[in-house]
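A.B. asks: Turn this into a structure:
(4 chains)
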Protein chains: 2
Amino acid sequence: MPRPNRSEERRAELIPILARAFADLGYASATTAALAEAAGLRENQLYRLWPSKKAMFLATIEHLYDLQTRWWSQMLAESDPAEAARRILEEEGRHRGESGLHRIIFAGLSEADDPEIRAAMANFYQRFHKFIVTVLKRKPGPNDCATPPPLAAWSLIALGTFSNIARELDIFGIPTQRRLMSEVGAALAGLDD
Amino acid sequence: MPRPNRSEERRAELIPILARAFADLGYASATTAALAEAAGLRENQLYRLWPSKKAMFLATIEHLYDLQTRWWSQMLAESDPAEAARRILEEEGRHRGESGLHRIIFAGLSEADDPEIRAAMANFYQRFHKFIVTVLKRKPGPNDCATPPPLAAWSLIALGTFSNIARELDIFGIPTQRRLMSEVGAALAGLDD
DNA sequence: TTATAATGTAAGTATGTACTTACGCCTCCG
DNA sequence: CGGAGGCGTAAGTACATACTTACATTATAA
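C.D. replies: Residues are numbered from 1 along each chain as shown, chains lettered A, B, ... in the order given. Model (predicted):
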């Protein structure tokens, strides 16, 4: 007789909003009041959907991981691996992390004392790495640059991560960012055009 | 007639302690109470030496920059540039950032909304980059890998930065870390042994 | 209609934090 | 020695924050 429980759906609707807030403000500055306002709710209502602010943050990480993975998988399905990798690098260089994922990573890094948050982020990177290694290994032809795929994959991740740091700090402009990802990235991946 | 002012000396003595505390705890968790306890003082006494917690943090960044630069310069003075670069990469891989510099960088990144902190960190990276470019250009012999020095320098910085992130999150072990810095790093720098 | 739980609104609590004030002792220099 | 400032100790303030409680309103399924 009561009204149906729509908690699951509400969580799904709200997480992108929370993600944006965490990305814009960082973990510490994203106060529960700010999160609630961003969602157009009262703090109270958020706490009916998640038990704590940390839970909201962890849910955000999970959500971003899903988004990213879905996108990559789609790219992989649409074109051959080498082409997909190239396009991913290009995109990463162009609108570098507008999802705000990197800001959330930084926020998490400074909260990395918390074991749960650490674990979530480590898991994120491990799966990211595995994915890229798979892509690199599927690449046809001989490996000219001779960097083994696992090492090359970590290097690519490093380039992407630092690019976002650099953007955050206005260290270098978009052209440099793009060259970093496409030139150096392509060399590391063994895609020489 | 009063006693002489030893503020300058006390600041110099305390900064390494503050640096350690910021590195261990992160900016937000390094409360003024915690900083004072680490220094064996009362919060009060810290505030007699610096006007704010932010000032303590900025002083910390400056101090670490000086430390790092001194070390590099020394390496450069002792051996030829190529050898110095190789040794720096090796060292960076070995005791990867035990100074805690990287943790302070992360702490700063999530506080990067603050323009002063952003500026201090951007300045840090810019000077770092200039230094590495100089080293790379001094390298004798033809550049086989053909990555232009500025781009290669950013790539090296990216590798070092991400190595520290990876360490923070226990993403990969020391061997991988060392190979990342020496193999990929050396390839980027054009040092092939 | 009606009981029931979901939802909305508002106020409150306990705690932590950056930063301050007050005060007394100690040390150096004239 | 004497006093002006350096130094140590302690308490306090104003505010922000994560999280809670209380209660009214609404929508549903029987």
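
A.B. asks: who in chain A is up against DNA strand C?
C.D. replies: A:1-7, A:10, A:41-45, A:48 (Cβ under 7 Å from any atom of the strand). Every C-beta, even on glycine, is put in place using the N, C-alpha and C of the backbone.

A.B. asks: Which of the helices or strands spans A:Ala12?
C.D. replies: helix A:7-25 (DSSP states H and E).

A.B. asks: quick revisit: any chance of the residues of chain A next to DNA strand C in TSV, plus distance to B:Gly185, secondary structure and neighbour count?
C.D. replies: Supplementary listing: these in TSV, determined by distance: Cβ to Cβ, whole Å; DSSP: H, G, I helix; E, B strand; the rest coil; neighbours: other Cβ atoms under 10 Å in any protein chain shown:
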residue	distance to B:Gly185	secondary structure	neighbour count
A:Met1	67	coil	2
A:Pro2	62	coil	4
A:Arg3	60	coil	5
A:Pro4	58	coil	6
A:Asn5	54	coil	8
A:Arg6	52	coil	10
A:Ser7	49	helix	11
A:Arg10	48	helix	16
A:Leu41	48	coil	16
A:Arg42	51	coil	13
A:Glu43	47	helix	15
A:Asn44	51	helix	9
A:Gln45	50	helix	13
A:Arg48	50	helix	11
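
A.B. asks: Just flag the most distant two among the residues you listed.
C.D. replies: A:Met1 and A:Glu43 (29.1 Å; Cβ to Cβ).

A.B. asks: about what we covered before: make a markdown table from the residues of chain A next to DNA strand C and add pLDDT and distance to B:Arg87 to it.
C.D. replies: Compiled in a markdown table, the residues of chain A next to DNA strand C are given as follows (pLDDT from 0 to 100; distance: Cβ to Cβ, whole Å):
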| residue | pLDDT | distance to B:Arg87 |
| --- | --- | --- |
| A:Met1 | 67 | 75 |
| A:Pro2 | 78 | 70 |
| A:Arg3 | 83 | 69 |
| A:Pro4 | 88 | 67 |
| A:Asn5 | 90 | 63 |
| A:Arg6 | 89 | 61 |
| A:Ser7 | 93 | 58 |
| A:Arg10 | 96 | 57 |
| A:Leu41 | 96 | 56 |
| A:Arg42 | 96 | 58 |
| A:Glu43 | 97 | 54 |
| A:Asn44 | 97 | 58 |
| A:Gln45 | 97 | 57 |
| A:Arg48 | 97 | 58 |
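
A.B. asks: Please identify which of the residues you listed is nearest to DNA strand C.
C.D. replies: For these, the minimum distance to DNA strand C (Cβ to the nearest atom of the strand) is 2.7 Å, reached by A:Pro2.

A.B. asks: Tell me the helix or strand right after the helix or strand of chain A with the lowest mean pLDDT.
C.D. replies: Ranked by mean pLDDT, DSSP states H and E, the weakest helix or strand in chain A is helix A:81-94, scoring a mean of 68. Per DSSP H and E, the first helix or strand lying C-terminal to helix A:81-94 is helix A:101-110.

A.B. asks: For stretch A:109-116, what does the pLDDT average out to?
C.D. replies: In this model, stretch A:109-116 carries a mean pLDDT of 74.

A.B. asks: Quote the end-to-end distance of it.
C.D. replies: For stretch A:109-116, the first and last residues are 12 Å from each other (Cα to Cα, to the nearest Å).

A.B. asks: Indicate whether stretch A:153-169 makes contact with chain B.
C.D. replies: Yes: Stretch A:153-169 lies within reach of chain B by Cβ under 8 Å from any Cβ of the partner chain, at A:Trp154, A:Ser155, A:Ile157, A:Ala158, A:Leu159, A:Thr161, A:Phe162, A:Ser163, A:Ile165, A:Ala166, A:Glu168, A:Leu169.
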